[in-house]
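In: Build me a structure from this.
(2 chains)
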Amino acid sequence: MPNATRRERLLRVLKTVTTQPLPADDEESLFESGLLDSFALPDLVSALEQEFSIKVPDRDLNPRKFDSIARIDTYLQDHAS
Amino acid sequence: MRAFLHGFGMHVPERVVTNAEMAARVERTADWIEGACGIRERRWAPAETSVADLAIAAARDCLARLGVGASSLGLIIVASGSARPGFPGPASEVAVRLGLESTPAIDVPMASAGGLFGMAMAAEMATHFGDVLVIGAEKMSAVIETGALDPNTAILFGDGAGAVLVSARPGPWEVLDAVLHSDGQYRDSLAFDWSAPLRMNGLSVILQAARKLPSSIEEVLTRQKVAAADVSVFLLHQANQNLLVRVAKSLGIPVERVYSNVARYGNTSSASMLIAAAEWSQANAAGPVVFSAFGAGFHWGALLARGV
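Out: This is a model prediction of the structure:
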């Protein structure tokens, strides 16, 4: 069960980079659902860095790491304090 | 490094391919295409036109603008990711058609960032070789017409060539510094080998480009203690208007400071930055100027020059 506060902050960030409703399933692909496109993704990464006071290194700039709410949450769990 | 940029040249084919024409071929709308990339039209060369033909036209334009003859050149560098495979590459043909029979001519088979890498190499080599003509030339229409048209990539590209004369002799812009980088772990994210359609993982390309373009620009500016706000113009690889806007946002500069002609020519790969410079330089000269590009490989970097 993801940390509720972190997840809530993540969902809040996602809502700033897309106008579409967020998926009910945390495992659903944000790209295949059309929620994020190639230009929203850099905005999402920047917004995550700002919200969670982290620096996503270039080696982690792999779209698969940000493909779903669950994957982003896992990344934040590993990298955000 | 002690090198100067003396001037630029460019060539684009006459045929204009509008979004309306492209939309009919890729089953999208013209508005969708413009919204996706900011491109309204691009130029395509006739089937019989080669990369070398485009390169020579830009080279001649550059030399004519400067009023110098090809015989003064000590080295030619031709960057292209769309030249036909095999050997020799287009550089030797460009040289001989300019009337040069013993001047060294080097191919840089690098899409998108090739013009920048050629410029940076020329700035280092000019002291030894003398005047260096760097050309970026691309026939991207042949690339995207290899196999079925992919709507996500076919809408982006155009044909054209740009050129710059780099010399150790004093000229209008002094090259202050350059940074170049490559990271082969993403080489499959944007690739083409003529046996199959262009492969592009747009998510990966844009994610990396949106980070690496501004970071390389900041790297060269920091090294030379120049603030982004003090740069007169950013002459970037014209990949996509949405990307140019994001780079400006990352650098904290007005988007108007980033020169853009992508709406008129599309993405002309290694030629695009030099074509942008050729247009910009016709009415401008002063202040620090930043060149930057990112492309397949991935290869990326930035070059800082200042008006003398």
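In: Low-confidence ranges, the chain, go.
Out: Unless you meant another one, I'm taking chain A. A:1-4 (pLDDT under 70).
In: Can you look at chain B instead?
Out: B:1.
In: Which parts of it are helices?
Out: All helices of chain B, identified by DSSP state H, fall at B:19-26, B:30-37, B:51-66, B:90-97, B:114-129, B:140-144, B:151-154, B:202-223, B:241-251, B:262-265, B:272-280.
In: what's the distance between the first one and the middle of its chain?
Out: Meaning helix B:19-26. Averaging C-alpha coordinates over helix B:19-26 and over its chain gives two centres that are 25 Å apart (C-alpha atoms, centre = their mean, to the nearest Å).
In: Packing partners of it?
Out: Contacts defined by 3 or more C-beta pairs under 8 Å, 6 or more residues apart in numbering or on different chains; DSSP states H and E place helix B:19-26 against helix B:30-37, helix B:151-154. Using the backbone N, CA and C atoms, a C-beta is placed for each residue, glycine as well.
In: pull the CA atoms of it into CSV?
Out: Extracted C-alpha coordinates of helix B:19-26, given in CSV (Å, rounded to 0.1, in the frame of the first residue of the first chain):
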residue,chain,number,x,y,z
ASN,B,19,0.3,20.1,-43.9
ALA,B,20,-2.8,19.7,-46.1
GLU,B,21,-0.8,17.6,-48.5
MET,B,22,0.8,15.6,-45.7
ALA,B,23,-2.4,15.2,-43.8
ALA,B,24,-4.0,13.4,-46.8
ARG,B,25,-1.1,11.0,-46.9
VAL,B,26,-1.0,10.1,-43.2
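In: Show me which residues of the stretch 51-200 of chain B sit near chain A.
Out: Within reach of chain A by C-beta under 8 Å from any C-beta of the partner chain, the stretch 51-200 of chain B has these residues: B:Asp183.
In: can you tell me the residue of the stretch 51-200 of chain B closest to chain A?
Out: Per C-beta to the nearest C-beta, B:Asp183 is where the stretch 51-200 of chain B lies closest to chain A, at 7.7 Å.
In: Just give the nearest non-adjacent residue to the residue most central in space within chain A, would you?
Out: The residue lying closest to the centre of chain A (C-alpha atoms, centre = their mean) is A:Ile72, at 4.4 Å. Of all residues not flanking A:Ile72 in the chain, A:Phe66 sits nearest, at 5.4 Å (C-beta to C-beta, 6 or more residues apart in numbering or on different chains).
In: can you count the residues close to that neighbour?
Out: 22 (other C-beta atoms under 10 Å in any protein chain shown).
In: do B:His128 as well
Out: B:His128, neighbours per other C-beta under 10 Å, totals 10.
In: about what we covered before: as CSV, the helices and strands packed on helix B:19-26 with distance to B:Phe294 and mean neighbour count would be great.
Out: Shown next, in CSV, are the helices and strands packed on helix B:19-26 (distance: least, C-beta to C-beta, whole Å; neighbours: other C-beta atoms under 10 Å in any protein chain shown):
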stretch, distance to B:Phe294, mean neighbour count
helix B:30-37, 15, 17
helix B:151-154, 16, 18
